[in-house]
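S.K.: All I have is the shape, not the residue letters:
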Ligand SMILES: [Zn+2]
Ligand SMILES: [Zn+2]
């Protein structure tokens, strides 16, 4: 193993206690998306102490940050941190480990000093993954312009280098009809709830004609005030998911058509409420994944097969559409522990989480080192990225 990589391993081991403490502090102070003031504060303090130049509130997002070390002209590698918690169940997605692993990888590279090949390492703090779309705002704000490759990890019950992520569009349908007494004058009414129910029926028919990995799921958010009033207003929210960007937007159009048809059938007017936190699908980059896997193998980390049928979504997908990006899954919980569960929340501060955190910091730092040291690797990653467009 090269001297640089040996030193990365030593640097992470030297920082192990600090990194675990950072992870526990974030875990024990769960903050929801865009409110992660403490977590962003602790992470930027830590990175500044490791020699990073820290910018807080990047892209106008208060709890976002970018911490940079630069060793001369060369490529820019971004390592992403998430640190938002879930309502009610705290760090049940283990973002405390993501944050500490990202900061640890950055710190290990900063510790290399003269040995670090020329270029730039940026640790980017990305708030509000759990629905708020922090990375969507950072992408729009230009934070990833000039970044050549990005990586982050996510806690899981196994080490899995690649997991596909579905893109997700969130869309609201608001139907307006006309109120009337439901028994005395029902013929005077225009039933907005019927329009919502018809939308669900239309979507149910659509479902048979979509590809297996697509997902459409909705809830009724307004269904009327009382059974004896024909509802004059009713509304629903749908999530539309698909594995490819064009497929996602095509399916979205078909779901909107379901609501339009329902409005027509019932005589209601329809307002389509587009939400601006669309998470794009993950664009795979095998070149970066293989570089990560090679460093996993160096550390003797086991690799579990890819999960093909249990797919979620994340705003890291948006990053993957503008720059070659990977988000490998790291074992921090016992086999079979589902994320967003109380058991996963407990696991995120267990000895297993410490192990995963330190190993992930090492593998990310080693992979970032490779990307700076071997220009050919980055070229291949970019060629693959361009071809996959
Ligand atoms: Zn989550
Ligand atoms: Zn998560």
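M.R.: Right, received. Where do you want to start? Given the structure is predicted, the values throughout are model-derived calculations rather than measurements. Ligands and ions are numbered 1, 2, ... in the order given.

S.K.: Please state the mean pLDDT value computed over stretch 130-144.
M.R.: Mean pLDDT, computed over stretch 130-144, is 96.

S.K.: What sits closest to the one residue sitting closest to the centre of the chain if chain neighbours are left out?
M.R.: Taking C-alpha atoms, centre = their mean, the centroid of the chain lies closest to residue 314, which sits 2.9 Å from it. In space, residue 314 comes closest to residue 165 once its chain neighbours are excluded; the distance is 5.4 Å by C-beta to C-beta, 6 or more residues apart in numbering. (Glycine included, C-beta is placed from N, CA and C.)

S.K.: cool, residue 255 as well?
M.R.: Once its chain neighbours are removed from consideration, residue 255 has its nearest residue in residue 240; the separation is 5.2 Å (C-beta to C-beta, 6+ apart).

S.K.: what's the next secondary structure element after whatever helix or strand the one you found lives in?
M.R.: Assignment of secondary structure by DSSP states H and E places residue 240 within strand 233-242. Next along the chain after strand 233-242, taking DSSP H and E as the criterion, comes helix 245-266.

S.K.: got the angle between that next one and strand 233-242?
M.R.: Here helix 245-266 runs at an angle of 160 degrees relative to strand 233-242 (axes from the mean of the first three to the mean of the last three C-alpha atoms, to 10 degrees).

S.K.: what does helix 245-266 contact?
M.R.: Taking contacts as C-beta atoms under 8 Å, 6 or more residues apart in numbering, the residues outside helix 245-266 that touch it are 166-169, 171, 173, 175, 177, 190-192, 194-196, 198-199, 201-203, 206, 210-211, 214, 216, 236, 238, 240-242, 268-270, 272, 280-281, 321.

S.K.: what comes up buried for it?
M.R.: 245, 247-248, 251-252, 254-256, 258-259, 261-263, 266 (16 or more other C-beta atoms under 10 Å).

S.K.: what sits against residue 244?
M.R.: 167, 281.

S.K.: actually residue 153, not the one I typed
M.R.: For residue 153, counting by C-beta under 8 Å, 6+ apart, the contacting residues are 97, 98, 101, 102, 327, 328, 329, 330, 360, 364.

S.K.: rerun at 7 Å
M.R.: Contacts for residue 153 (C-beta atoms under 7 Å, 6 or more residues apart in numbering) come out as 98, 101, 327, 328, 330, 360, 364.

S.K.: How far off centre is whichever helix or strand the fifth one is part of?
M.R.: Taking DSSP H and E as the criterion, residue 330 maps to strand 329-331. For strand 329-331, the gap between its own C-alpha mean and the chain's C-alpha mean amounts to 15 Å (C-alpha atoms, centre = their mean, to the nearest Å).

S.K.: No more questions from me, cheers.
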